[in-house]
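Participant: I'd like to go over a predicted model; first the sequence, then the structure.
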Amino acid sequence: MKDDLQRLIALQEIDLRLQELAERKRRIPEMVEAARQPLQSAQAARDTLKKEFETASKDRKACEQDLAAHEQAIGKLQDRAVKGEIKTNKEYQAHLFEVELAKKKKGEIEERLLLLMDLGDGKKKDLAQAERAVQATDQRFTAEKNTLEGSVGAVDEELAALKGKRETVVAALNPSLLRTYEKLRATRKGQALAGVTKEGTCMACRLHVQPQVVMEVKRATAIQTCSQCHRILYWAGEPVQIVPEPEPQAVAEPEEAAETTE
């Protein structure tokens, strides 16, 4: 029975590892998507800055066109005086007022243009920095993605090796014991066996195991189960130390006095 119990322990270790590897393989696509998030955030920030830069560029171009139109209008106003189109003093005063207003408007446009130029330059620098951030993040993501996807092969190899090992262990088990194991594994979240600590508690449900049962678990002469979680128990405490009895020591006989010659 001790051999069967050892096989069950080995089988559970294999099954738990198989479960862990299958879960890891299942999560690899999720881990790839999680690794992609920083790249997507960097790209979104870059795209936002790109739109802001394009808007600032359009506003600057429109402002430049507006400034050119006002400069042309001022030129036409000034040409009126040169060409002698103004006849009276009243017309001349009105003309001066109109020119002053046009120049004032031009000054406002120039101030706005300077602000738009500064804004555009700032957005251009921010956009260049964002582009570099995207490139760096993309490189990190590509490396992490390659590592994750490359690990699938290693996981598959270990899965195949463990499945072969499992078949060997299963073939050596008593069919009835194997059925019990499989039933418990299906109803106990993949863990059909539980160790008993040196304090006498079940490592699965953390409850106390009767002392007599603990002694039987140590002997491993028959299958014992936890009265609470019903898992098959095995001894996981400190090994039982067998202290050999001291061998009787021989009593040393007194040495005979050596003969002396005169």
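Facilitator: That came through, no problem.

Participant: Show me what the strand or helix carrying Gln40 is packed up against.
Facilitator: Assigned by DSSP states H and E, Gln40 belongs to helix 2-82. Applying 3 or more Cβ pairs under 8 Å, 6 or more residues apart in numbering; DSSP states H and E, one finds that helix 2-82 contacts helix 89-171, helix 175-187, strand 193-196, strand 232-235. Just so you know, the C-beta spots here come from the backbone N, C-alpha and C atoms, and that holds for glycine as well.

Participant: In TSV, list those along with mean pLDDT and distance to Lys58.
Facilitator: Output for those, formatted as TSV (pLDDT from 0 to 100; distance: least, Cβ to Cβ, whole Å):
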stretch	mean pLDDT	distance to Lys58
helix 89-171	92	10
helix 175-187	95	66
strand 193-196	96	71
strand 232-235	96	75
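
Participant: Would you check how far apart Asn89 and Arg80 are?
Facilitator: Asn89 sits at a distance of 15 Å from Arg80 (criterion: Cβ to Cβ, to the nearest Å).

Participant: So if I had to pick from these two, which one is more boxed in?
Facilitator: Using other Cβ atoms under 10 Å as the criterion, Asn89 and Arg80 rank with Arg80 on top: 15 against 8.

Participant: I'd assumed His95 was in contact with that one.
Facilitator: Yes. Contact criterion Cβ atoms under 8 Å: Arg80 and His95 qualify, at 6.4 Å.

Participant: among the helices and strands packed on helix 2-82, which is nearest Arg60?
Facilitator: Among those, the nearest to Arg60 by Cβ to Cβ is helix 89-171 (4.3 Å).

Participant: Tell me who's in contact with Cys63.
Facilitator: If you count contacts by Cβ atoms under 8 Å, 6 or more residues apart in numbering, Cys63 has them with Ile109, Arg112, Leu113, Leu116.

Participant: Next, the contact list for the second one, please.
Facilitator: Contacts for Arg112 were tallied using Cβ under 8 Å, 6+ apart; they are Cys63.

Participant: Show me whatever sits in contact with both of Arg80 and His95.
Facilitator: Ile86.

Participant: then stretch 19-27 to CSV, C-alphas only?
Facilitator: C-alpha atoms of stretch 19-27 as CSV (Å, rounded to 0.1, in the frame of the first residue of the first chain):
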residue,chain,number,x,y,z
GLN,A,19,-3.2,21.9,-14.6
GLU,A,20,-0.8,24.7,-14.0
LEU,A,21,0.8,24.4,-17.5
ALA,A,22,-2.6,24.3,-19.2
GLU,A,23,-3.7,27.4,-17.3
ARG,A,24,-0.4,29.2,-18.3
LYS,A,25,-0.9,28.3,-21.9
ARG,A,26,-4.5,29.4,-21.8
ARG,A,27,-3.4,32.8,-20.4
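
Participant: what does it rub up against?
Facilitator: Val152, Val155, Asp156, Glu158, Leu159, Leu162, Gly190.

Participant: would CSV of those residues with neighbour count and distance to Leu127 be doable?
Facilitator: As requested, the contacts of stretch 19-27 are arranged in CSV below (neighbours: other Cβ atoms under 10 Å; distance: Cβ to Cβ, whole Å):
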residue, neighbour count, distance to Leu127
Val152, 13, 37
Val155, 15, 41
Asp156, 12, 44
Glu158, 14, 46
Leu159, 16, 47
Leu162, 16, 51
Gly190, 14, 52
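
Participant: Now flag whichever of those is closest to Ala73.
Facilitator: Val152 (70.6 Å).

Participant: how close does the closest one sit to Arg140?
Facilitator: According to Cβ to Cβ, Val152 stands 20 Å off from Arg140.
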